[in-house]
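Enquirer: Test case, fold it:
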Amino acid sequence: MQAIIEVIMPVFLVVGFGYTAVWRGLFSSAGVDGLMSFTQNFAIPCLLFQAISTLDLSQGFDPWMMFSFYTGAASGFAAGLFGARYLFGRDWEDCVAIGFCCLFSNSLMIGLAITERAYGTDALTHNYALVALHSPFCYGLGITVMEVVRNRGKSPTQLSITVLRAMFQNALIIGIALGFVVNFSDINLPIALTDALDMVVRAALPAALFGMGGVLFKYRPDGDLRTIGYVCGISLLLHPVIVWFLGSYYDLSSSAFRSAVITAAMPTGVNGYVFANMYGRARRVAASSVLLGTALSIFTISLWLLILPL
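Expert: Predicted coordinates for the structure are as follows:
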């Protein structure tokens, strides 16, 4: 247990430093916005570009790992969507935003940091494979369902254009796509460029965790606590349980199994609120789910690390 605390506490302490700095007025809200803009639009896309461009696709992309993880993610989305409708009586657009919160794990800011601290840098190969499809899959599913709900009379062609335009305005997806281009084309990047990327990438996770703490200060729980608790339960328990059973059934390697379960066990990412804010739906539930889920994940992640194979 002591080893597990040593793994997860530094990650959440950095988040806590960011939260405290904004709470005590030592770091401004404008500074947080600027820091998050840097991490989400520049540093993390650079990290993903670097990881995907150098990833050994034959090792990282285990098809059964991907199937297990994304079946769990899609099941969480469906549970959130229909639960919000039939258990809590929300309208369909709110339901899609709530479903997206159940779908989008914090695979980057917390997932990579926890896996690296628990199992070392080499263990991130499967995480990067999962992350490579995470934003395209989640935004593709969420935007498609939301646009279907909002524009029931729109033609399939118009719908496809709307979805693709929204996805390829996302810096994370652009970084991933460029990484695949370099990987498949076997381009050798200039040393000066790779060194510059290294400098930016080293800042990505610490800055993102600190900035996330500042963002969470704004997301104090407010609204329907039953709905928020439901979202947290799906994100922290249902998704990783589904991945655990599917991963066991398909006999994943220990490294692929660990990466899939840990990534699935992450709380709702800040993108859950970004998506809700983009459509102006269920913003209060989304914001509170990010904060409460992140706080609860300190305990649930400890549990998953305790029972996962070494």
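Enquirer: By mean pLDDT, which helix or strand of the chain comes out lowest?
Expert: Ranked by mean pLDDT, DSSP states H and E, the helix or strand of the chain with the weakest confidence is helix 57-60, at a mean of 73.
Enquirer: centre of the chain versus it, how much separation?
Expert: With C-alpha atoms, centre = their mean, to the nearest Å as the basis, helix 57-60 stands 21 Å off its chain's centre.
Enquirer: Stretch 303-310 too?
Expert: Stretch 303-310 has its C-alpha centroid displaced from the chain centroid by 20 Å (C-alpha atoms, centre = their mean).
Enquirer: Of all the residues in it, which ones are buried?
Expert: By neighbour count with 16 or more other C-beta atoms under 10 Å, stretch 303-310 contains the buried residues W304, L305, L308. From N, CA and C alone the C-beta is placed, and that goes for glycine too.
Enquirer: Could I get the full set of strands for the stretch 101-250 of the chain?
Expert: For the stretch 101-250 of the chain, no strands turn up when DSSP state E, counting those that start in this stretch is the criterion.
Enquirer: G142 contacts F100, correct?
Expert: Yes - using C-beta atoms under 8 Å, G142 makes contact with F100 at a distance of 4.3 Å.
Enquirer: Same drill for these two, tell me which one is more crowded.
Expert: The neighbour comparison of G142 against F100 (other C-beta atoms under 10 Å) goes to F100, with 33 against 27.
Enquirer: Double-check that one against C138; I have them as touching.
Expert: Yes - using C-beta under 8 Å as the test, F100 is close enough to C138 to be in contact (7.1 Å).
Enquirer: Can you tell me how far the closest residue to L205 other than its chain neighbours is from A208?
Expert: Spatial nearest neighbour of L205, excluding adjacent residues (C-beta to C-beta, 6 or more residues apart in numbering): A113 at 5.5 Å. Computed as C-beta to C-beta, to the nearest Å, the A113 to A208 distance reads 9 Å.
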